[in-house]
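Student: just the structure for this:
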Amino acid sequence: MSDENGSRSADEIREDIDHTRDELADTVEALAARTDVKTRATEKAHQVQDAARTKALQAQDTALTKAHEVQGAARVKAQELKLKAGEVQQTAKVQAVAAKTAVTEQSKVTGEQARAKAGQARVIAAEKAHVAQEAVQQQRRERPWLLPALGGVFAFLTGLFVWLRRRGN
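Tutor: Residues are numbered from 1 along each chain as shown. Okay, here's the model as predicted:
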């Protein structure tokens with residue numbers, strides 16, 4: 001609380017200091033997360049892998065659905081042809097088996113293609129992560145002053161912020 005001449009109590013000042021420290025810690029954590037290229041690249045690689053897995057599962061589900069649809073259609077066709085003649089029935093069964101085999105083979109090919117694309121995505125993500133890591137290391141070699149300068153700027157801004165808050169109250 002403020003007394004009659006506008007000064008604050010020690011508890012209020014401590015609360016302001018604690019609050020400022022918390023804000024500064026959050027800011028530093030956010031900046032650290034933005035500069036952690038390796039983690040961001042790894043996260044991106046995981047996202048690409050997850051997307052590839054999802055696409056592969058969707059393709060597999062689609063293939064299975066189509067296989068079930070073809071099986072159902074083949075059964076209906078076989079029942080209709082059973083009434084007409086035994087020989088035609090035999091032909092329909094052979095066609096249904098061929099269609100099922102084709103769909104199964106297609107689902108295998110689609111799954112293999114999805115796995116290959118996921119592997120390619122992992123390789124590309126790893127390459128990009130490596131390039132990004134090299135770029136960060138190059139920046140550290142070329143500008144060793146950058147991190148201390150940023151620290152100085154943060155310290156200055158924090159001091160300025162505290163000074164302004166004290167001055168305003």
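Student: helices of the protein, start to end?
Tutor: Per DSSP state H, the chain carries helices over the ranges 10-35, 37-84, 86-142, 146-168.
Student: what's around Val153, how many residues?
Tutor: By the criterion of other C-beta atoms under 10 Å, Val153 has 10 neighbours. To be clear about C-beta, it is placed using only N, CA and C from the backbone, and glycine gets the same treatment.
Student: go through the helices of the chain and find the least confident stretch.
Tutor: Least confidently modelled of these is helix 37-84, at a mean of 82 by mean pLDDT.
Student: chain center to that helix, what's the gap?
Tutor: The offset between the C-alpha centroid of helix 37-84 and the centroid of the whole chain comes to 22 Å, using C-alpha atoms, centre = their mean, to the nearest Å.
Student: so what does it touch, helix or strand wise?
Tutor: Other helices and strands packing on helix 37-84, by 3 or more C-beta pairs under 8 Å, 6 or more residues apart in numbering; DSSP states H and E, are helix 86-142.
Student: got the angle for the helix it packs on vs helix 10-35?
Tutor: Helix 86-142 and helix 10-35 meet at an angle of 120 degrees, taking axes from the mean of the first three to the mean of the last three C-alpha atoms, to 10 degrees as the criterion.
Student: can you tell me the centre-most residue of the protein?
Tutor: Relative to the mean C-alpha position of the chain, the nearest C-alpha, by C-alpha atoms, centre = their mean, is the one of Gln47, at 3.1 Å.
Student: against Gln71, how distant is that residue?
Tutor: When distance is defined by C-beta to C-beta, to the nearest Å, Gln47 is 36 Å away from Gln71.
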